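Below are the sequence and a predicted model; questions follow.
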Amino acid sequence: MKRCTSCGRRKPLRAFYLWGRAYGGKRKPECKACLVARERRRGEASRQWIREYAAGWVRKNRRLIDSANRFVGRGKRGGSGLTTYYRLRHEAILAYGGYRCACCGIREPLFLTIDHVNDGGSRHRRRVGVSTGFYRWLKDRSYPPGFQVLCSNCNSGRYRNRGVCPHKDPLRKRRRVRTGRRRAP
């Protein structure tokens, strides 16, 4: 028998989860019912925080979203046939954090693109297609993790710098100093 630290009741040992092998077969201090209830409350609080944060972000960035919506609607008036592309791109950018580069913070919609976090973007695009095909693939899979919004500069810099954006590379400054101007003899 063991006393639960949450509800204070004495329960049999099978009512408590094991810590794991590293702890020598010891049991957790909370009973299974209390632990599940606490995790359920924590999950609901987390979901509530995310809902409130998202609503606040939309309120704060209403002008940016309206600007992006106008940008997406350009193809309709211009008759260029790009409306599907811009609509899918717009939805993907909103799904991955909104109109803001995850690295440098640029908010210009024309500069932003979707980046593969773990590299391998060219291989992936060859498999699923480019342009509309890529954005359609993201949407069909409910925007899976592993992607982020970056500006074209950060995206290109990551490609050229083995997956590290030049903004975040601490060695970049040292390399630039070493390869800088030479002094005249």
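Arrived safely.

hey, let's count contacts and neighbours off CA atoms from now on
Fine.

Buried residues in the longest helix anywhere in the chain, which are they?
In the chain, with assignment by DSSP state H, the single longest helix is helix 32-60. Residues of helix 32-60 classed as buried: Lys32, Cys34, Leu35 (neighbour count, 16 or more other C-alpha atoms under 10 Å).

domain ranges for the chain?
What automatic domain parsing lists as the domains of the chain is 2-58, 69-175.

what's the most buried one of those?
Counting by mean count of other C-alpha atoms under 10 Å, domain 69-175 has the highest mean neighbour count of these, with a mean of 16.

Okay, Tyr86 and Arg21: tell me how far apart.
Noted for Tyr86: a distance of 53 Å to Arg21, by C-alpha to C-alpha, to the nearest Å.

How about Pro109?
51 Å.

Would you confirm that Tyr85 contacts Phe134?
No - shown here, Tyr85 and Phe134 do not form a contact pair, counting by C-alpha atoms under 8 Å, at 9.8 Å.

just the strands in the protein please.
2-3, 10-11, 16-18, 27-31, 112-116, 147-151 (DSSP state E).

Figure out which of the ones you listed is closest to Ile65.
For Ile65, the closest of the strands of the chain is strand 112-116, at 13.8 Å, according to C-alpha to C-alpha.

between the closest one and strand 147-151, how many degrees?
Going by axes from the mean of the first three to the mean of the last three C-alpha atoms, to 10 degrees, strand 112-116 is angled at 140 degrees with respect to strand 147-151.

Output the contacting helices and strands for strand 112-116.
Counting contacts by 3 or more C-alpha pairs under 8 Å, 6 or more residues apart in numbering; DSSP states H and E, strand 112-116 packs against helix 83-95, strand 147-151, helix 152-160.
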